[in-house]
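# got a predicted structure plus its sequence, pasted below:
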Amino acid sequence: MKRIITILIIFFQVNVSMYSQDTTFKIYFDSLVIPFSLKDIKWTYQQPSFDFIHHLPDDEDEKLYETNKYLIDQFPTEKNHVKYIQLAAALWSLEKIKEAEKMFLNIVNSKIRSYTTTYYHSSDIPGDTTTNLYGYGSSTSNYKNTACLYLTKIYIEKRKFQTALAYLEQAVKKYKVTYTCGTGYHMQKNKYDFLYAACYEGLGHDKKNIEMLLPTCFEWDNQILIRAIKKTYSKDEIQNYLTKAEHSITCIVDTFLSESHGTSHYGTAEEKTDTSRYYAGSGTIMLINRKIDLPYPRLGDSEKVSREYYVKLFKESSFYNALIDKKEIQVDE
């Protein structure tokens, strides 16, 4: 339940793109029917935290631990391999890190077929008959990929960053998993980017983090990126970059109307659908000598995107405010 609540809070409060099944194109709020009136929404530009290390235990984790803890002192077999990795993940959530680390290491070192196999999963769309043509919605999975990612998190928390990076590289390159749908692809990329960034920060590779993370600076409240910039540039240099960035903002307005649909009194006799029509568009900005695409605009009925809209968005972003010290960011010496 806690995980569901967290997801709902993020969905309704932050400015975040929603990814489609096609990795080449994004669905935004204007292409969705949402169960409340658009007129009642106060759009605010908030960004989710760039952090993918969370211990969120629930009753199922406790139950798994109580019924399967005997596996902690065993090795994985073909018979117990599913419960084995499930227990290891539960131990991580319950912050029983020593036991979880031992089990995940056993998984990575195991020779059993179930752990050395990469599994293919076809499309999960009911009635889909086109999956054999191009693999729409398909994905692969690998138990050792999962184990390596957990070990990466464990060693990041232990501040053993070189070891963490080694396990991350194994997950990404040796035990590779792929997604042909946009949702899976982008979720995986976001997770990998965070883990690389955490390792690079621990190893002092700030310029690598700036290069990797700057293109998504308006998607996340990214404290790793902020710290990397503050360690690399002086206050005067940062202010100069921000001033140049504001002046560099460009905007192209669509020549066609976009639509958003919202439903109020959903599921009742008073159910009503509201439609907002507006002229959207696109914007760009030059940040630290890199051209960055600005987020897709969120507009009300009859509104038109403008350069002023993007300037306001830029100045309200967590990225901008952290760099001008409106938001305190801890910089490790």
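That came through, no problem.
# domain boundaries for this structure, per the record?
According to automatic domain parsing, the chain comprises the domains 44-203, 225-333.
# what helix or strand is Tyr84 located in?
Using DSSP states H and E, Tyr84 sits in helix 81-93.
# buried sites along the following helix or strand past that helix?
Using DSSP H and E, the helix or strand that follows helix 81-93 in sequence is helix 97-109. Across helix 97-109, burial judged by 16 or more other CB atoms under 10 Å covers Glu99, Ala100, Glu101, Met103, Phe104, Asn106, Ile107, Val108. Any C-beta I mention is one placed from the backbone N, CA and C, and that applies to glycine too.
# okay, these in CSV with pLDDT and distance to Ile238 next?
CSV is the format used below for these (pLDDT from 0 to 100; distance: CB to CB, whole Å):
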residue, pLDDT, distance to Ile238
Glu99, 98, 44
Ala100, 98, 40
Glu101, 98, 39
Met103, 98, 45
Phe104, 98, 40
Asn106, 98, 47
Ile107, 98, 44
Val108, 98, 41
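# right, and the domains of the chain - which one's nearest Cys217?
domain 225-333 (4.5 Å; CB to CB).
# for Gly262, see how far away the residue of the chain positioned farthest from its centre is.
In the chain, the greatest distance from the average C-alpha position (CA atoms, centre = their mean) is reached by Ala269, at 37.8 Å. As judged by CB to CB, to the nearest Å, Ala269 and Gly262 stand 18 Å apart.
# where does Arg277 land in three-state SS?
strand (DSSP: H, G, I helix; E, B strand; the rest coil).
# what's the closest non-adjacent residue to it?
Of all residues not flanking Arg277 in the chain, Leu257 sits nearest, at 4.8 Å (CB to CB, 6 or more residues apart in numbering).
# thinking that neighbour is in contact with Ser276, fair?
No. Taking CB atoms under 8 Å as the definition, Leu257 is not a contact partner of Ser276, at 9.9 Å.
# between these two, which one's more packed in?
Between Leu257 and Ser276, counting by other CB atoms under 10 Å, Ser276 is the more crowded of the two (20 against 12).
# quick one, phi psi at Trp220?
phi -130, psi 150 (degrees, to the nearest 10).
# check contacts around it.
Residues near Trp220 by CB atoms under 8 Å, 6 or more residues apart in numbering: Gln47, Pro48, Ser49, Phe50.
# what do you get if the cut-off is 10 Å, keeping everything else the same?
14, 16, 47-51, 190, 193-194, 213, 318-319 (CB atoms under 10 Å, 6 or more residues apart in numbering).
# buried residues in the helix or strand Tyr115 falls within?
Using DSSP H and E, Tyr115 sits in helix 113-116. By 16+ other CB under 10 Å, the buried positions in helix 113-116 come out as Ser114, Tyr115.
# next one: stretch 271-289
Under the neighbour-count criterion of 16+ other CB under 10 Å, stretch 271-289 has Ser276, Tyr278, Tyr279, Ala280, Gly281, Ser282, Gly283, Ile285, Met286, Leu287, Ile288 buried.
# quick one: distance of that stretch to the chain centre.
Relative to its parent chain, stretch 271-289 has a centroid offset of 21 Å by CA atoms, centre = their mean, to the nearest Å.
# also stretch 229-243?
With CA atoms, centre = their mean as the basis, the distance from the averaged C-alpha position of stretch 229-243 to the chain average is 26 Å.
# and the end-to-end length of that stretch?
15 Å (CA to CA, to the nearest Å).
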